[in-house]
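1. no sequence for this one, just the structure:
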């Protein structure tokens, strides 16, 4: 079983606090790895400008780092900040971790006046090109994200031990949002790219459970021929890409995500005020229906956090917190550990029709039901 | 030796052991009731008076003499036109278990004499290929065990429907929803469709029974089963009834019955489920429909607008068709227009190496609502033996190729593929259908299975019965003779239709549940399939398992 923890707070906090909270959920899981995504970054030794994209990954050899530098230089990226982890190499199981990359760049000059969309497309192209360079050289370069205000770490081993190895407790890095997932994808071969959270153009998700409809969904997403719809070393990567497809390609409101991955039943659609539109949406996105059991936890570029469940088998997950500080965790004890000072009676466990949103003002939870009217500004 | 001239032997003289079926009659059990001879559809047996010599030897009197006994017994005719078809109706009606047809284990010479009067052998039924089919050998091997515990087929809720109709790419759908525009019609149907069997091929009682059963499945059980008419129209009372929504109307190259249909459009209470344009049929590709004169009764003649008692061979192609690109497009568009663009219109073709090119043309035709591919194991009401046995293409690899082709274009959700031809021919209907669905079909059509399971069709792959073409169906399923079709009670047929679909629904759940699937039909879920045949696995791009 995966252990998932997400914390979002107005005051930036250390990712180590999330790792210690994950210890509370350690019973019954294999602790085979760590995937960490930080958003709303703050560095101790650098005043970070949140417009600068941050490159996250691992250079497994010196040559790989050299090739990375060469690529970024030749494409006009200016290195603004290169975070150096104060490493304790002995605590990391893998032997080929030459450098953990966490670098802020200034975009090439020609992108200064370009639209956000064009800038995001360029960052995606760069990330994919770097990933490809790594793959062409025996996988000596792993790139997880390249996007403003987002940092990612993926590693094999016990999460807290990885935190110790990277000295995440030293206060050098803090963030307002932290997603942590404590397992490598042991269902298939160990591959850093297969570790949650998954990231594409600012959108990130992590999931527990297994996606039994993976192959047809993957085949359909691959057929979109969109840059970035690749990889799929994990069956859960499609959740991030479906969210991306919903918001970025179809330009639908966030409510549509749940309607796409777990559409309402025919008899529910018959009664729904926007039933006709939603039935049409189900038909055109039928290949994206998930079959669970999954709890999908995600974050968006504006620091909105969300959780949705599959339609039926419902992996456990709880949302709780107080104004200014919220947590989502796969186990209730995880929420306790992440935000101990809260009223647990107000915790919420989403059911099949719910999308729970923690808005970026972090004042109160928003709970949408699929049975509620759908904001139909897209529909006639 | 007697002279040859005194023995009645001709080149086509046959004896019992030359025939496919040999009647075994037990004189000691027979009560001479005559029911078997009355019921035999081929008049293959007759009551005959015989005389038996009984030698008598009186040892003490030193006398030898012969006595004779006269008796009445059952005998088999040996002329080809009366050849026993193994239907076993004699056995079914015999009160005393005195008679049964046995398959002839020897090579039978009758095979060489099916061409009397220069007319090659024609029959109804099936291809007569015995043994497990490729579909029978496919296993569902991706069982959810640890991270994703399997579902409970008995308690969980399942969505077992599929979409019939053209589906737009999501971007186009949203654009049209927002700005107005034609969104092609779709139907949410049960993925097992009763395949095209015409009113003409089937008896009125069979047709009524099927329709009653389908209506019950829809209206009482909530299983949205639809059935296809086949070529030959639809009874007028059905066209004007609310049951029309469960019916796929087929138009084929003879256009039989379409006068009635077009005239009925203004009076239709609802739209039909879909329109199927038949370009080909798996059992006899490149050959048109055939309703032999025996079955063109007064009712059928009226429905089809033809004289009574004439052969009705439909042409192999639509007369307007000279290129797939243009004519098929126009025909689909015309029919879509006739039903105000509110009814899905899709073509049915026989499985063939050219299926992919048909598909690629349909992809570019916005009015095409799907593609139905009928494989070589499909059945038929009447066809030349040689067409049925030797012409065609199995459906599995054809469907798979077409699906992978659509997937490569990212259009696998847009044009639903339906498969037919041999599904359930060995009884494994849900397993065969789900295998095809996981290979990429959105649904399957079943014909022979329905006749066998719902109406007790006697045909089998060893050429038992298979006389649907000549209207002597001993069960009254494919006959237009009231004396025969009165044997079939429509209410009982409908009951069996309901039994069949309830049981398919349960079996589908039993297949989906271990795979962890319940929310949508696992179309294209090829990771769940395995087969113990390396070549087939490679061809179908599924796992080889052993």
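-> Received, thanks. Worth saying up front: this structure is predicted, and the values here are computed from it rather than measured. Numbering: from 1, shown residues only, chains lettered A, B, ... in the order given.
2. Please make it C-alpha for all contacts and neighbour counts, starting now.
-> Noted.
3. ok, which stretches of the stretch 101-250 of chain B are helices?
-> Listed in chain order, the helices of the stretch 101-250 of chain B (DSSP state H, counting those that start in this stretch) span B:170-179, B:204-219, B:236-239.
4. Can you convert those helices into a markdown table and add a column each for distance to residue B:465?
-> Below are the helices of the stretch 101-250 of chain B laid out as a markdown table (distance: least, Cα to Cα, whole Å):
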| stretch | distance to residue B:465 |
| --- | --- |
| helix B:170-179 | 50 |
| helix B:204-219 | 18 |
| helix B:236-239 | 31 |
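5. so of those, which one's packed in deepest?
-> Of all the helices of the stretch 101-250 of chain B, helix B:204-219 has the most neighbours on average by mean count of other Cα atoms under 10 Å in any protein chain shown, namely a mean of 23.
6. Who are the packing partners of that helix?
-> For helix B:204-219, the elements it packs on are helix B:482-485, helix B:490-512, judged by 3 or more Cα pairs under 8 Å, 6 or more residues apart in numbering or on different chains; DSSP states H and E.
7. how about a cut-off of 10 Å?
-> Contacts defined by 3 or more Cα pairs under 10 Å, 6 or more residues apart in numbering or on different chains; DSSP states H and E place helix B:204-219 against strand B:192-194, strand B:227-228, helix B:448-455, helix B:482-485, helix B:490-512.
8. And the last one, what does it pack against?
-> Of the remaining helices and strands, those touching helix B:490-512 by 3+ Cα pairs under 10 Å, 6+ apart are strand B:192-194, helix B:204-219, helix B:429-439, helix B:448-455.
9. any chance of these in CSV, with mean pLDDT too?
-> Converted to CSV, the helices and strands packed on helix B:490-512 look like this (pLDDT from 0 to 100):
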stretch, mean pLDDT
strand B:192-194, 98
helix B:204-219, 97
helix B:429-439, 98
helix B:448-455, 96
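10. which one of these lies closest to residue B:249?
-> Ranking these by distance to residue B:249, with Cα to Cα as the measure, places strand B:192-194 first at 12.0 Å.
11. That closest one: how far from the chain's middle?
-> Using Cα atoms, centre = their mean, to the nearest Å, we find the averaged C-alpha position of strand B:192-194 to lie 11 Å away from the chain's own average C-alpha position.
12. which residues are in contact with it?
-> Taking Cα atoms under 10 Å, 6 or more residues apart in numbering or on different chains as the criterion, the residues outside strand B:192-194 that touch it are B:160-162, B:210, B:214, B:224-229, B:247-248, B:418-420, B:423, B:429-430, B:433-434, B:442-451, B:497, B:501, B:504-505.
13. try 6 Å
-> Residues outside strand B:192-194 that contact it (Cα atoms under 6 Å, 6 or more residues apart in numbering or on different chains) are B:226-227, B:443-447.
14. what's the most distant pair in the residues you listed?
-> Between any two of those, the greatest separation by Cα to Cα is 13.6 Å, found for B:443 and B:447.
15. which of these two has more neighbours?
-> Between residue B:443 and residue B:447, counted using other Cα atoms under 10 Å in any protein chain shown, residue B:443 has the larger neighbour count: 27 against 24.
16. correct me, but the more buried one touches residue B:189?
-> No - in terms of Cα atoms under 6 Å, residue B:443 does not count as a neighbour of residue B:189; the distance is 9.0 Å.
17. related to what we said a few turns ago, quick check: which of the helices of the stretch 101-250 of chain B is nearest to residue A:290?
-> When these are ranked by proximity to residue A:290, the top entry is helix B:170-179, at 16.9 Å, counting by Cα to Cα.
18. Now do the buried residues in stretch B:224-241.
-> By neighbour count on 16 or more other Cα atoms under 10 Å in any protein chain shown, the buried set for stretch B:224-241 is B:224-235, B:239-240.
19. now the helices: where do they sit in the stretch 251-380 of chain A?
-> Remark: helices of the stretch 251-380 of chain A, listed N- to C-terminal, are A:255-261, A:266-271, A:275-284, A:332-338; assignment by DSSP H, counting those that start in this stretch.
20. Now these in JSON lines, please, with extra columns for mean neighbour count, distance to chain B and mean pLDDT.
-> Shown next, in JSON lines, are these (neighbours: other Cα atoms under 10 Å in any protein chain shown; distance: least, Cα to the nearest Cα, whole Å; pLDDT from 0 to 100):
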{"stretch": "helix A:255-261", "mean neighbour count": "22", "distance to chain B": "10", "mean pLDDT": "96"}
{"stretch": "helix A:266-271", "mean neighbour count": "13", "distance to chain B": "9", "mean pLDDT": "94"}
{"stretch": "helix A:275-284", "mean neighbour count": "20", "distance to chain B": "5", "mean pLDDT": "96"}
{"stretch": "helix A:332-338", "mean neighbour count": "23", "distance to chain B": "20", "mean pLDDT": "93"}
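21. For those, could you give me TSV that also reports distance to residue A:224?
-> What follows is those, written out as TSV (distance: least, Cα to Cα, whole Å):
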stretch	distance to residue A:224
helix A:255-261	16
helix A:266-271	27
helix A:275-284	13
helix A:332-338	37
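22. low pLDDT regions in the chain?
-> Reading this off chain A. Residue ranges of chain A with pLDDT under 70: A:1, A:28-30, A:185-190, A:377-380.
23. meant chain B, my bad for not saying
-> Answering for chain B: the residues below the bar, that is pLDDT under 70, span B:1-5, B:146-147, B:320-325.
24. Flag every residue of it that's near chain A.
-> Proximity of chain B to chain A is confined to B:148, B:167, B:170, B:177-178, B:410, B:516-517, B:519, B:524-525 under the rule Cα under 6 Å from any Cα of the partner chain.
25. swap the cut-off to 7 Å and go again
-> By Cα under 7 Å from any Cα of the partner chain, the residues of chain B that approach chain A are B:147-148, B:167-171, B:174, B:177-180, B:407-410, B:413, B:516-520, B:524-525, B:527.
26. Buried only: go through those for me.
-> Buried among the residues of chain B next to chain A by 16+ other Cα under 10 Å: B:148, B:167-168, B:170, B:174, B:177, B:407-410, B:413, B:516-520, B:524-525, B:527.
27. Now residue A:67: phi and psi?
-> Its backbone dihedrals place residue A:67 at phi -60, psi -40, with angles given as degrees, to the nearest 10.
28. Could I get the contacting residues of it?
-> Contact analysis of residue A:67 by Cα atoms under 7 Å, 6 or more residues apart in numbering or on different chains lists nothing.
29. same question, the one 10 residues further on
-> Listed by Cα under 7 Å, 6+ apart, the contact set of residue A:77 reads A:105-108.
30. which among those gets closest to residue A:210?
-> Of all the contacts of residue A:77, residue A:210 sits closest to residue A:105, with 36.1 Å by Cα to Cα.
31. Might one say that the closest one is in contact with residue A:50?
-> No - counting by Cα atoms under 7 Å, residue A:50 is not a contact partner of residue A:105; they are 10.6 Å apart.
32. Show me which of the two is the more surrounded one.
-> When neighbours are counted by other Cα under 10 Å, residue A:105 comes out ahead of the other of residue A:105 and residue A:50, with 23 against 16.
33. ok so that one is a strand residue?
-> Yes - going by DSSP: H, G, I helix; E, B strand; the rest coil, the assignment for residue A:105 places it inside a strand.
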